[in-house]
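K.L.:
return a 3D structure for these sequence lines:
(2 chains)
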Amino acid sequence: MDLRYTEEELAFREEVRAFIRENLPRDIRERMRLGYPPRKQDTIAWQRILNARGWAAYSWPKEWGGPGWNSVQKMIFLEENLSAPAPEILSFNVTMLGPVLIQFGTEAQKRRYLPAAANLDEWWCQGFSEPGAGSDLASLKTRAVKEGDHYIVNGQKIWTSTAHNADWCFCLVRTNPQAAKKQEGISFLLIDMKTPGVEVRPIISIDGSHHLNEVFFTDVKVPAENLVGEENRGWSVAKFLLGNERTGIARLGKSKERVRFAKEVAREVRMNGKPLIEDRGFRTRVAQLEVDMKALEITQMRVVSAYDKTKDGRPDPLSSVLKIKGTELLQGTSELVMDVGGPQAMPAWTQELAQLTNEPALLPEWAPQMAPAYLMLRAASIYGGTNEIQKNILNKAVLGL
Amino acid sequence: MDFDLTDDQRLLGDSVARLLADEYAFDQRKKLLAAAPGWSEALWARYAELGLLGLPIPEEFGGFGGGAVDVLLLQQAFGRHLVLEPFLATVVLGATAIREAGDTALQEEILPAIAAGECKLAFAHYERQSRYDITDVLTTATPRNGGWVLEGGKSVVLHGDCADRLVVSARTGGSREEAEGISLFLVEGEAEGLLRRGYALRDGTRAAELSLSGVAARLIGPQDQALPVIERVVEAGIAATSGEVIGAMEAMQAMTLDYLKTRQQFGRPIGDNQALQHRAAEMLVAMEQGRSMAMLAAMSLSETDPAERARSISMAKVGVGQAGRFVSQNAVQLHGGIGMTDEYAVGHYFRRVMVIEHMFGDTAWHLDRLADQVA
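P.N.:
Sure, this is the predicted structure:
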């Protein structure tokens, strides 16, 4: 047993760090450092830079343009990318659609979609949740009826992140409402967002941003060749996809980066006549977060290093521990950052607004994104399987309750 | 990065598990607790036969030259069964002090005897006023006839009542809370002027209050400069007891799951209730985070930078302490009334974890030390 990274792993980390340092555009890094979410063009630009280096499709096999890394390398890469801080690789394309097509897709589908997904020439979104199908995903109702060489799709998806940016949507649809079990009548379809009958309506979230959407399908004609895997076997595709989401799920690099940022700002703001960084309560809170991050870092190493050793490649149910603790830390660090900002984190005023109106800055540059980031991250324990669902998974798969 | 155990480590784990399954059932342990000395001389001899008492002792001194991970595994097994013998006091604290401070002659004199089960040590450092502050030493040592005599007292000395010999800290210079001026001494258990009042801690393990008046002692290690050695001993103690807490949490978790699956209320197992299921899942999450921190503690003992080592050890003590408290409190809660009874095992694990949290600096003390270093 040895928790230390090997020489090779350290060299790999250095290689990744150096590449990001030299190639991440400065304006993107600066926006990310101040807590802004990446703009569409930032995500695309950075993913293309990574793809040119052969790293964007970081989890794919070499055959399909991936780097062929082991799980430890993937973890190091994701952590460096997050802590840079750089825009995250679009997970819909790389950790969801890609592995699904590689596992279940036809040759033609792989050739058609994979290179464009890696290079973010096409932006994908995930059409899973519905108004009546959240945690109970298998009760979804969006209907696809086969007519000749097409499916006709009718229904509604919700919470569809970045659907307004998306060119394509991978979608779970019901193809057999008569199936004995609701899981057995579901299929996995690829839908072009430009098809007539697809309508995207924004949902503004509590942070004031447009990230989420409703997507309506009205008599949308989808070529039958866009079915992935067998008809009515889409549930196993979805389960595979949700399992694949797990490697980077703790997003620890992000939490570490946010604590660094909080400490930076805490040197500037004051508390009881001295810099906040010298305040005992603040320091204890940081120390506690650092303890929790260290524990999660080692737990993550344990889970990730076990991935390569399990023969079936299925994720360890303990990855639910990573999801629960990882999102608690994302939320905890975002609370810390907001509390450092204090009253100046409260105005609903944005840098963009100042630029548009050519006004002088009203607030320090670190202030505007503190509250929105905190608000947005309340979703972290809801998406990707709520933390309560993760506890159900642990109960079933590990504890046998 | 590597989380595999070696074949030797697996063998060690298996043989200890078998021995303890045979010899350390809850009722057998209760009998040990009920009669002096509060632990088993016979099992102590068995541990020596199996090589457990020489596990971390270098081969040239009759040991097995094992590392911190071996001790972690052994302590985990001890924690699962709430082993009462003076392993921590002798093989972890005492032997570490002798290894770190003693010259070769002293190591040759003592370490092989420990491995053979013929010498039990205690580490007598903390005093009544010192709480967790390791520089707060008032006991004094003065030279006499080419040797030293000690005056003062030591508090909550683990297995101090049964030790054949004691490693005792005392001031040879400096004043209270000064880092310099602390030295370590070897004192015979039967030395004149040494009064030992033994008692059980809240978990049943033994400890003692010592009063020393004109006690003859042998200086071990550098005069006035023992603090780094004491830090090493405390760090080894934290790493070892972290393993014990992991074992105790595993046992509590298993017991609790068993109870949730069998205890019937409203005509069904109480484990059918999601509130209780989620609590059990939260216990699992805490236990796994704690396990990671126990690994960190063990690995960090070989870190050569003292500041880095101290930081990792404090992180581990906080992480394991919080996990242990969460798991043990909820283990009792999920058991309901039966969890409160002395006849049931869960409360005994609870008390072991409680006692360990209050050794070598508690959670708040270590968190405070980490807060000092935030930069």
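
K.L.:
from residue A:13, how far off is residue A:76?
P.N.:
5 Å (CB to CB, to the nearest Å). Yep, even glycine has a C-beta here, placed from its N, CA and C like the rest.

K.L.:
can you show me the strands along the stretch 251-400 of chain A?
P.N.:
In chain order, the stretch 251-400 of chain A shows strands spanning A:270-271, A:274-275, with DSSP state E, counting those that start in this stretch as the criterion.

K.L.:
so which of these is the most surrounded?
P.N.:
Per residue and on average, the most neighbours among the strands of the stretch 251-400 of chain A fall to strand A:270-271, with a mean of 14 (mean count of other CB atoms under 10 Å in any protein chain shown).

K.L.:
so, in contact with chain B or not, it?
P.N.:
No. For strand A:270-271, no contact with chain B is found by CB under 8 Å from any CB of the partner chain; the gap never falls below 14.0 Å.

K.L.:
so for that strand, what's the average pLDDT?
P.N.:
The predicted model gives strand A:270-271 an average pLDDT of 94.

K.L.:
cool, and stretch A:83-90?
P.N.:
On average, stretch A:83-90 scores 97.

K.L.:
three-state assignment of residue 138?
P.N.:
Picked chain A for this. Here residue A:138 takes the helix state, with states given by DSSP: H, G, I helix; E, B strand; the rest coil.

K.L.:
how near is the spatially closest residue to residue A:50 that is not a sequence neighbour to chain B?
P.N.:
Nearest residue to residue A:50, sequence neighbours excluded (CB to CB, 6 or more residues apart in numbering or on different chains): residue A:56, at 4.2 Å. Distance of residue A:56 to chain B, given as CB to the nearest CB, to the nearest Å: 25 Å.

K.L.:
and chain B, what are its domains?
P.N.:
B:7-119, B:122-224, B:228-373 (automatic domain parsing).

K.L.:
quick one: which of those domains is nearest chain A?
P.N.:
When the domains of chain B are compared by CB to the nearest CB, domain B:228-373 sits nearest chain A, at 3.6 Å.

K.L.:
tell me the mean pLDDT for that closest one?
P.N.:
Rounded mean pLDDT across domain B:228-373 is 97.

K.L.:
could you work out the end-to-end span of it for me?
P.N.:
19 Å (CA to CA, to the nearest Å).

K.L.:
cool, and stretch A:129-139?
P.N.:
10 Å.

K.L.:
contacts for that stretch next, please.
P.N.:
For stretch A:129-139, contacts defined as CB atoms under 8 Å, 6 or more residues apart in numbering or on different chains pick out A:128, A:140-142, A:155-160, A:172, A:182-183, A:186, A:235, A:238, A:385-386, A:388-389.

K.L.:
now list the buried members of those residues.
P.N.:
Taking 16 or more other CB atoms under 10 Å in any protein chain shown as the criterion, what is buried in those is A:128, A:140, A:142, A:155-160, A:172, A:182-183, A:186, A:235, A:238, A:385-386, A:389.

K.L.:
out of these, which are inside helices?
P.N.:
A:235, A:238, A:389 (DSSP state H).

K.L.:
surely the second one meets residue A:183?
P.N.:
No. Taking CB atoms under 8 Å as the contact criterion, residue A:238 and residue A:183 are not neighbours in contact, 9.1 Å apart.

K.L.:
one step back: let's have the domains of chain B in a markdown table, adding distance to residue A:193 and mean neighbour count.
P.N.:
Shown next, in a markdown table, are the domains of chain B (distance: least, CB to CB, whole Å; neighbours: other CB atoms under 10 Å in any protein chain shown):
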| stretch | distance to residue A:193 | mean neighbour count |
| --- | --- | --- |
| domain B:7-119 | 54 | 19 |
| domain B:122-224 | 62 | 19 |
| domain B:228-373 | 38 | 21 |
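
K.L.:
quick one: closest of the ones you listed to residue A:249.
P.N.:
Nearest to residue A:249, of all those, is domain B:228-373, at 13.8 Å by CB to CB.

K.L.:
close to chain A, is the closest one?
P.N.:
Yes. Domain B:228-373 reaches chain A (CB under 8 Å from any CB) through B:257, B:260-261, B:271, B:274, B:277-278, B:280-282, B:284-285, B:288-293, B:295-296, B:298-299, B:315, B:318-319, B:367-368, B:370-373.

K.L.:
with neighbour numbers in mind, choose between residue A:76 and residue A:13.
P.N.:
residue A:76 (23 against 16; other CB atoms under 10 Å in any protein chain shown).

K.L.:
name the element that one belongs to?
P.N.:
helix A:71-83 (DSSP states H and E).

K.L.:
residues in contact with that helix?
P.N.:
Contacts of helix A:71-83 (CB under 8 Å, 6+ apart): A:9, A:12-13, A:16-17, A:20, A:55, A:58-59, A:67, A:69, A:88-89, A:247-248, A:251-254, A:256-257, A:260, A:300-301, A:304-305, A:307-308, B:1.

K.L.:
hmm, 7 Å instead?
P.N.:
Residues outside helix A:71-83 that contact it (CB atoms under 7 Å, 6 or more residues apart in numbering or on different chains): A:9, A:12-13, A:16-17, A:20, A:55, A:58-59, A:69, A:88, A:247-248, A:251-254, A:256-257, A:300, A:304-305, A:307-308, B:1.

K.L.:
also stretch A:317-330?
P.N.:
Contacts of stretch A:317-330 (CB under 7 Å, 6+ apart): A:246, A:249-252, A:254-255, A:289, A:292-293, A:296, A:299-300, A:303, A:377, A:380-381, A:384-385, A:387, A:390, A:393-394, A:397-398, B:285, B:288-289.

K.L.:
relative to the whole chain's centre, how far out is it?
P.N.:
Put simply, stretch A:317-330 sits 14 Å off its chain's centre (CA atoms, centre = their mean, to the nearest Å).

K.L.:
how near is residue B:226 to chain A?
P.N.:
Distance from residue B:226 to chain A, by CB to the nearest CB: 28 Å.

K.L.:
residues near that residue, how many?
P.N.:
With other CB under 10 Å as criterion, residue B:226 counts 28.

K.L.:
surely it touches residue B:181?
P.N.:
No. The pair residue B:226 and residue B:181 fails to qualify as a contact (CB atoms under 7 Å) at a distance of 9.2 Å.

K.L.:
which residues of chain B fall in helices?
P.N.:
B:7-23, B:26-34, B:41-50, B:68-81, B:87, B:95-101, B:104-115, B:227-262, B:274-300, B:306-335, B:346-357, B:363-373.

K.L.:
the ones you listed into TSV, with extra columns for distance to residue A:325?
P.N.:
Formatted as TSV, these follow (distance: least, CB to CB, whole Å):
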stretch	distance to residue A:325
helix B:7-23	27
helix B:26-34	33
helix B:41-50	37
helix B:68-81	22
helix B:87	32
helix B:95-101	33
helix B:104-115	40
helix B:227-262	16
helix B:274-300	6
helix B:306-335	11
helix B:346-357	21
helix B:363-373	18
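
K.L.:
quick one, which of those helices is nearest to residue A:39?
P.N.:
helix B:274-300 (35.4 Å).

K.L.:
pull the longest strand from the chain.
P.N.:
No chain specified, so I'll use chain A. strand A:210-223 (DSSP state E).

K.L.:
actually it's chain B I care about, not the one you picked
P.N.:
Under DSSP E, chain B gives strand B:206-220 as its longest strand.
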